[in-house]
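Colleague: Need coordinates for the below:
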Amino acid sequence: MKLQLYPFLAANVSDVLFLRKLVKVLVFLTMPIEASSNDISQQIEYLWGLKSSITHSNTIAVVMSLLESPLENLEHEALTEDDWKLVQLVLTLVRNILAIQDISLQQKAGESASQFLSLRDRFLELLFP
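Modeller: Predicted coordinates for the structure are as follows:
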């Protein structure tokens with residue numbers, strides 16, 4: 001599954017409330033898989049699809065830009081509770097995306113493991129250019 005996230009973000013880049021809600025949705029969509037879940041291999045594929053969509057667009061740049069105001073407020077010692085919640089939300093999304101590491105047996109058999117490792121590396125390059 002591949003989501004086209006960037007058009008939603010680009011069309012609403014100045015609407016912080018919308019972007020915040022979209023990041024909340026992304027956080028829930030990227031939550032780690034519980035060991036007791038059904039069809040874990042399909043869920044792993046879904047998570048890698050999300051990671052690919054986020055990595056191959058400017059999505060993470062837009063999401064990280066949400067931190068600009070809270071970080072300015074932090075610098076001026078004026079960080080609000082809403083600022084703190086937004087920072088936590090963005091960091092949770094980044095954590096969830098970084099936690100997408102597992103490769104299902106089907107993916108290993110399909111010789112796509114190197115593509116996933118490349119995707120993982122590309123996401124890290126976006127975070128730390």
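
Colleague: and residue 93, which of the three is it?
Modeller: helix (DSSP: H, G, I helix; E, B strand; the rest coil).

Colleague: isn't residue 100 right next to residue 47, touching?
Modeller: Yes. Residue 100 lies in contact with residue 47 (C-beta atoms under 8 Å); the separation is 4.7 Å. Placement of C-beta: from N, CA and C, glycine included.

Colleague: Now do the shared contacts for these two.
Modeller: Residues touching both residue 100 and residue 47 by C-beta atoms under 8 Å, 6 or more residues apart in numbering: residue 30.

Colleague: Residue 51: neighbour count?
Modeller: Look at residue 51: counted by other C-beta atoms under 10 Å, it has 22 neighbours.

Colleague: Wait, it touches residue 98, no?
Modeller: No. Judged on C-beta under 8 Å, residue 51 makes no contact with residue 98 at a distance of 9.2 Å.

Colleague: any common contacting residues for those two?
Modeller: Contacts common to residue 51 and residue 98, judged by C-beta under 8 Å, 6+ apart, are residue 123.

Colleague: nearest spatial neighbour of residue 124, skipping sequence neighbours?
Modeller: Closest residue to residue 124 apart from its sequence neighbours, by C-beta to C-beta, 6 or more residues apart in numbering: residue 98 at 7.9 Å.

Colleague: and the gap between the one you found and residue 120?
Modeller: 8 Å (C-beta to C-beta, to the nearest Å).

Colleague: more crowded one of the two?
Modeller: residue 120 (17 against 14).

Colleague: hang on, isn't the more buried one packed against residue 101?
Modeller: Yes. Judged on C-beta under 8 Å, residue 120 makes contact with residue 101 at a distance of 7.1 Å.
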